[in-house]
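*Asks:* From the sequence below, what's the structure:
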Amino acid sequence: MIVKPRYRATPAAIMAGRSPTMSQHEPPSPCNRVCRIDPATGWCLGCSRTLAEIADWAMLSAGEKRALLAQIAERRPGGG
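*Replies:* This next block holds a predicted model:
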């Protein structure tokens, strides 16, 4: 028997972190679609993550994401 999902997330909802498969406690991605890497720091000018952090985001646990978000806050001007 095939059961169809009651709610199908649109690509926009998934990008906004509103996918029904995501945990309600899952922190949203810090991506704001300003995707350029600063050659001096190696950080994205939009979200302040490194390329490795961007690539790893989907595989991190909710706790690891929160820890990374705290590190990112420290990187930003006036952060912390």
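
*Asks:* Return the top helix by length along the chain as PDB; C-alpha atoms alone will do.
*Replies:* Using DSSP state H, we find that the single longest helix of the chain is helix 62-75. Output in PDB follows, covering the C-alpha atoms of helix 62-75 (Å, rounded to 0.1, in the frame of the first residue of the first chain):
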ATOM      1  CA  ALA A  62      20.900  20.200  15.800                       C
ATOM      2  CA  GLY A  63      23.400  20.700  18.700                       C
ATOM      3  CA  GLU A  64      26.300  21.000  16.300                       C
ATOM      4  CA  LYS A  65      24.400  23.500  14.200                       C
ATOM      5  CA  ARG A  66      23.700  25.600  17.300                       C
ATOM      6  CA  ALA A  67      27.400  25.500  18.300                       C
ATOM      7  CA  LEU A  68      28.400  26.600  14.800                       C
ATOM      8  CA  LEU A  69      25.900  29.400  14.800                       C
ATOM      9  CA  ALA A  70      27.500  30.600  18.100                       C
ATOM     10  CA  GLN A  71      30.900  30.500  16.400                       C
ATOM     11  CA  ILE A  72      29.600  32.400  13.400                       C
ATOM     12  CA  ALA A  73      28.200  35.100  15.700                       C
ATOM     13  CA  GLU A  74      31.700  35.600  17.100                       C
ATOM     14  CA  ARG A  75      33.100  36.100  13.600                       C
END
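
*Asks:* Name the residues that touch that helix?
*Replies:* Contact partners of helix 62-75, identified using C-beta atoms under 8 Å, 6 or more residues apart in numbering, comprise 23, 25-27, 30, 41, 43, 47-49, 53, 57, 60, 79-80. Bear in mind the C-beta positions are built from the backbone N, C-alpha and C, glycine included.

*Asks:* Recalculate using a threshold of 6 Å.
*Replies:* 25, 26, 27, 48, 79, 80 (C-beta atoms under 6 Å, 6 or more residues apart in numbering).
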